[in-house]
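Novice: Build the 3D model from these lines:
(chains A and B)
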Amino acid sequence: MSSGDTIFREYRISDAERSDRSAGDRLRHRQKVRESIRENIADIIAEESIIGKDKDRVIKVPLRGIKEYRFVYGDNAPGASQGDGDSRPGQVVGKTGKDRPGQGDEQAGDRPGIDYYETDVTLEELIEIMFEDLELPNLERRALREIQSDYSSRRKGYRKVGIRIRLDKRRTAKQRVMRMLASDKRIDAVARALEESKADRELDTDVEGALDEIALEEGRLDEEALAPSTGAAFQRVHRRFPFHQNDLRYKHVEIDTKEESNAAVICIMDTSGSMDTMKKYLARSFFFLLYQFISTRYRNVEIVFIAHHTEASEVTEEEFFHKGESGGTFISSGYAKALEIIAARYHPSLWNLYAFHCSDGDNFDSDNPAALKDAEELAGICNLFGYGEIKPLGSRYYESSMLNVFRQIQAPNFHTVLIERKEDIWPSFRAFLAKDRVKEA
Amino acid sequence: MRANAGAAPRIAAWNLNDLIEWDRRIRDKAAEFGLDCYPQEFELCDHNGMLGYMAYSGMPSHYPHWSYGKSYEKLKTLYDHGVSGLPYEMVINSNPAIAYLMRDNSLLLQVLTIAHVYGHNDFFKNNFTFKSTRAELTIEAFKAAAMRVRRYVEDPSIGVDRVERILDAAHALSWQCRRNLAIKKLTPLEQMARAEDSAQGQPDPFQKIHARKQIEAPDFHKVPLEPDEDLLLFIRDHNPFLADWEKDLLTIVDQEAKYFISMMETKIMNEGWASYWHKKILESLELEQGLHLEFIVNHNQVVRPIPGQINPYHLGLKIWEDIYRRFTNPTAEEIKRDGPPVKSGTEKIFEVREVERDASFIRRYLTEDLMREMDIFEYEARGEELVVSKVADEEGWREVKATLIKNVGTNSIPVLKVEDADFGQNRTLYVKHYHDGRDLQIEYAEKSLNYLQRLWGREVMLETALDGKRSLLCCNDRGFSVRALK
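Specialist: Just a heads-up that it's a prediction; the model follows:
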């Protein structure tokens, strides 16, 4: 070879560490992924897989937004590839779509057909993105009913006002002395007063007396009332330099409160015979979202499951979602049970209550007035009370509906939604929370 | 060359001086065999560096775009999970040629890789498709483009969102450009001259006795005069509403695509050629037994056939070896069929490496026997499944070969040409897909057409065929629609 020597560049660890050249583009890509998730959140929520998983679970999210599109051939384009020696016509060699045989090595544009892309996010991350999108910044603070679960007090400085029990006698006396010194006309009196103030025992009575005097000046005490006990004090009043209100010093105490915010989510579901798996699934998705959302807003969230048909009972989560029951429907029974549980365990002054009821609306007509009454009562004590009517597409035309009945409820924090298919869940959920915002605003 | 997925990390028992010594021996051998290379530079890097180079197509500097971040993450995930290994080497077409070596590889792998790199280097320097890439300017051109794009991103009056808006769209259309860069593109004036010539037709020696021919004047107002394949450049030159920086971005993307078109067009030849020479060089180096065994194992791993795929290393090497054999030591049957060879095998392969690209290489040199030996078949989609439709038997091999050719290099990219920039006197861009039996994937076509509209700024139409019916895909402010054409 004629040309000069080959150059070898040694590996240098410092270069390698410095040159994370793709960092900026990776960051930008992550942002795109997030944006894409946000745009498609309704679809992702509608995917069965995320409901009811624990928070650390990783979810595969198909990304629609960040595919790189080009003009490519579709499925009717035949390909050629190599066999293992005895390929016969008719032999199946793969599936369309994903693992299409093609060029071995990946190269830009070589086999551009497939750009299937999905990413892993944890459920927690997803929920964060979800609620980030909700943009309800005011909801949290205002909707809280805070309980001072825990407080401690510590002293912090002195104030001129306060309650008598925190009066700091020494500082008050000093203030008086200082005022006396400042006044030219009473210099001798100052000397005497200083003498007096050295005797602690005397001082105490002195101050008490002085306070009485102040009270007297303000007309809070009768002269007669004081006269018998403090006759001596009255005699000395002219040679004494009295305390003034401005002399009083109080210890200031600050209270550290820890605000404990409690919330209870009360999930009420119709488990009557007419609620099939699909309806239950829709209900479950909704409850799941509600629970996750409330959890991000409150430190302590309890969840209560009430299943009802003609009678209501509190059940476990497992039973709630999986146990099928049958029979007719008295919606009021579920509400009555909720009210009962609230009365027993979740006093509305201490708990933020969120109640949601899912049903297919197939209630016995005779129960409607009772249901209406109980619903109004629930709306009265809950932060938010919602009713979701689940009518898989089309069925609302022939089944009876509670939506009309509940239209009579005037409470601003009562909200009804209609869920027809899984794509409706996210929009209805948003609408439901928007109601809360209106109420708080 | 790519390592096996999950290959155990080897302990690198060598130092830089060993490599320099081996490189000297390899270069001497390469020169002896007649390879003609650019000066070579090697850079040792670790797996992160290699992933970085892979994400940016090997370029030491490249403009930023999120798609490279995506590609890095993808490569890294595949690597971390052991789905795919890393390449032993990566070499870019520049003068001097730059190659990256994985520092964790064993000595034998480094030697094998260095020999392989010289094969690529020779190919880059001599194959006709790379003539237009201006290898001595490659690094600088990419660097300058990177700096310009960064400047646009940082410019407060432009910013990353607007830059991405153009780049996203340009990337979607970047392969819609001329494929054979050795054919000169005519300027509009030359096109006019050609249109005029062809309108007049052949001079007629008997024009006195013939009826006077009707000459139809060509329409010189039509834009473009001849259908134009360079979509990005056409938009750059004919959309008056693009700002200078937007035009510059289109130019940058087009230049980069054209740089990589050559690689795409010669993948099989190039890998085959490099494998052919690394094999020859290593065999001639008289390796000690241990190294020789390691060489055989690694070589076979790289060039093995992969059922269900086309391994370009395998296919390429097979054809090169077959050409050499047929011109050195042909069978009686081959002499009967093709005549006796007029050139030596060595002469022939050096000629082929200069004047062919994958499509012509396969068309001219992949023989029926070789296809049968390699069991190359054609498959097509039937419902959910991919089914073998033809195999390389007597009646099918030509068609299988034609299908193979349709899938190599740029033939796997649909041909689109701008037919009219003022369709319906409405500044609608009318683009035609030159249909060859393969339909466009409609979802991708729709999205890509959206990008085309974004760059063009007005309505765009794409004429194509769907299920055998001529159709017109339209994309305008009201959205996307498909119409049937008569």
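
Novice: the strands in chain A, which residues?
Specialist: Using DSSP state E, the strands of chain A run over residues A:7-9, A:58-62, A:79-82, A:92-95, A:118-122, A:146-159, A:250-270, A:300-308, A:312-315, A:352-359, A:384-390, A:414-419.

Novice: so residue B:483, which of the three states?
Specialist: Secondary structure, DSSP: H, G, I helix; E, B strand; the rest coil: residue B:483 is strand.

Novice: Could you give the number of residues near residue A:309?
Specialist: Using other CB atoms under 10 Å in any protein chain shown, residue A:309 has 21 other residues around it. Where C-beta positions appear, they are placed from N, C-alpha and C, glycine not excepted.

Novice: For it, give me its contacts.
Specialist: Residue A:309 makes contact with A:270-273, A:325-330, A:333, according to CB atoms under 8 Å, 6 or more residues apart in numbering or on different chains.

Novice: thinking again about what came up before, including mean neighbour count, could the strands of chain A go into JSON lines?
Specialist: Below are the strands of chain A laid out as JSON lines (neighbours: other CB atoms under 10 Å in any protein chain shown):
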{"stretch": "strand A:7-9", "mean neighbour count": "15"}
{"stretch": "strand A:58-62", "mean neighbour count": "16"}
{"stretch": "strand A:79-82", "mean neighbour count": "26"}
{"stretch": "strand A:92-95", "mean neighbour count": "16"}
{"stretch": "strand A:118-122", "mean neighbour count": "15"}
{"stretch": "strand A:146-159", "mean neighbour count": "11"}
{"stretch": "strand A:250-270", "mean neighbour count": "19"}
{"stretch": "strand A:300-308", "mean neighbour count": "20"}
{"stretch": "strand A:312-315", "mean neighbour count": "18"}
{"stretch": "strand A:352-359", "mean neighbour count": "25"}
{"stretch": "strand A:384-390", "mean neighbour count": "26"}
{"stretch": "strand A:414-419", "mean neighbour count": "21"}
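
Novice: rank those strands by pLDDT, which is bottom?
Specialist: Per-stretch mean pLDDT for the strands of chain A is lowest at strand A:58-62 (a mean of 63).

Novice: Generate a PyMOL selection restricted to the buried subset of the contacts of residue A:309.
Specialist: The buried residues among the contacts of residue A:309 can be selected in PyMOL (16 or more other CB atoms under 10 Å in any protein chain shown) with this line:
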select buried, chain A and resi 270+271+272+325+329+330+333
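
Novice: Where does confidence bottom out across the contacts of residue A:309?
Specialist: Confidence-wise, residue A:325 trails the rest of the contacts of residue A:309, at 69.

Novice: so the residue located most distally from the centre of chain B, which of the three states?
Specialist: Ranked by distance from the centre of chain B (CA atoms, centre = their mean), the top residue is residue B:209, with 53.7 Å. Under three-state DSSP, the three-state class of residue B:209 is coil.

Novice: same thing with the one 4 residues further on?
Specialist: When states are read from three-state DSSP, the local structure at residue B:213 comes out as coil.

Novice: What backbone torsions are found at the closest residue to it other than its chain neighbours?
Specialist: Spatial nearest neighbour of residue B:213, chain neighbours left out: residue B:201 (6.6 Å); criterion: CB to CB, 6 or more residues apart in numbering or on different chains. With angles defined as degrees, to the nearest 10, residue B:201 sits at phi 80, psi -180.

Novice: wait, residue B:287 sits on residue B:298?
Specialist: No: Residue B:287 is beyond contact range of residue B:298, at 11.9 Å (criterion: CB atoms under 8 Å).

Novice: what is in contact with these two at once?
Specialist: With CB under 8 Å, 6+ apart as the test, residue B:287 and residue B:298 both reach residue B:108.

Novice: what about these two, which has more around it?
Specialist: Shown here are residue B:287 and residue B:298; by other CB under 10 Å, residue B:298 has more neighbours (23 against 16).

Novice: Just say helix, strand or coil for that one.
Specialist: Classified using three-state DSSP, residue B:298 is helix.

Novice: dump the residue contacts of the closest residue to it other than its chain neighbours.
Specialist: In space, and not counting its chain neighbours, residue B:298 is closest to residue B:112: 5.9 Å by CB to CB, 6+ apart. Each residue near residue B:112 by CB under 8 Å, 6+ apart is listed here: B:1, B:88, B:278, B:282, B:295, B:298-299.

Novice: Mind jotting down where the helices sit in the stretch 301-441 of chain A?
Specialist: A:317-322, A:331-345, A:368-381, A:403-406, A:425-440 (DSSP state H, counting those that start in this stretch).

Novice: Include distance to chain B when you put the ones you listed into a markdown table, please.
Specialist: Shown next, in a markdown table, are the helices of the stretch 301-441 of chain A (distance: least, CB to the nearest CB, whole Å):
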| stretch | distance to chain B |
| --- | --- |
| helix A:317-322 | 33 |
| helix A:331-345 | 45 |
| helix A:368-381 | 44 |
| helix A:403-406 | 34 |
| helix A:425-440 | 22 |
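
Novice: Get me the contact residues on the stretch 151-300 of chain B for chain A.
Specialist: B:160, B:171-173, B:175-176, B:260, B:263-264, B:267, B:271 (CB under 8 Å from any CB of the partner chain).

Novice: so which residue of the stretch 1-150 of chain B comes closest to chain A?
Specialist: residue B:69 (3.3 Å; CB to the nearest CB).

Novice: any low-confidence regions in the stretch 151-300 of chain A?
Specialist: A:151-152, A:184-240, A:256-261, A:297-299 (pLDDT under 70).

Novice: Repeat that for the stretch 301-450 of chain B.
Specialist: For the stretch 301-450 of chain B, no stretch has pLDDT under 70.

Novice: Apply 90 and report the result again.
Specialist: Within the stretch 301-450 of chain B, the ranges that satisfy pLDDT under 90 run B:306-309, B:329, B:334, B:337-342, B:380-387, B:389-396, B:424, B:437, B:443.

Novice: ok, which stretches of it are strands?
Specialist: Listed in chain order, the strands of the stretch 301-450 of chain B (DSSP state E, counting those that start in this stretch) span B:376-382, B:385-391, B:416-423, B:428-433.

Novice: Could I get the buried residue list for the first one?
Specialist: Okay, so that is strand B:376-382. In strand B:376-382, counting by 16+ other CB under 10 Å, buried: B:376-381.

Novice: Same check on the longest one?
Specialist: Applying a neighbour-count criterion of 16+ other CB under 10 Å, one finds B:416-421, B:423 buried in strand B:416-423.

Novice: State the mean pLDDT of the biggest helix by length in chain B.
Specialist: Determined from DSSP state H, the single longest helix within chain B is helix B:244-265. Mean pLDDT, helix B:244-265: 95.

Novice: and it, what other elements does it pack with?
Specialist: Packing partners of helix B:244-265 (3 or more CB pairs under 8 Å, 6 or more residues apart in numbering or on different chains; DSSP states H and E): helix B:138-154, helix B:159-173, helix B:231-238.

Novice: What are the contacting residues of the longest one?
Specialist: Contact partners of helix B:138-154, identified using CB under 8 Å, 6+ apart, comprise B:59-65, B:92-95, B:98, B:134, B:158-160, B:163, B:167, B:245, B:248-249, B:252, B:255-256, B:259.

Novice: Just the buried residues of those.
Specialist: Here, 16+ other CB under 10 Å leaves B:59-60, B:62-65, B:92-95, B:98, B:158, B:160, B:163, B:167, B:245, B:248-249, B:252, B:255-256, B:259 buried among the contacts of helix B:138-154.

Novice: Next, see if the helix or strand hosting residue B:54 gets close to chain A.
Specialist: Element membership of residue B:54, judged by DSSP states H and E, is helix B:47-55. Yes: against chain A, helix B:47-55 shows contacts by CB under 8 Å from any CB at B:48-49, B:52, B:55.
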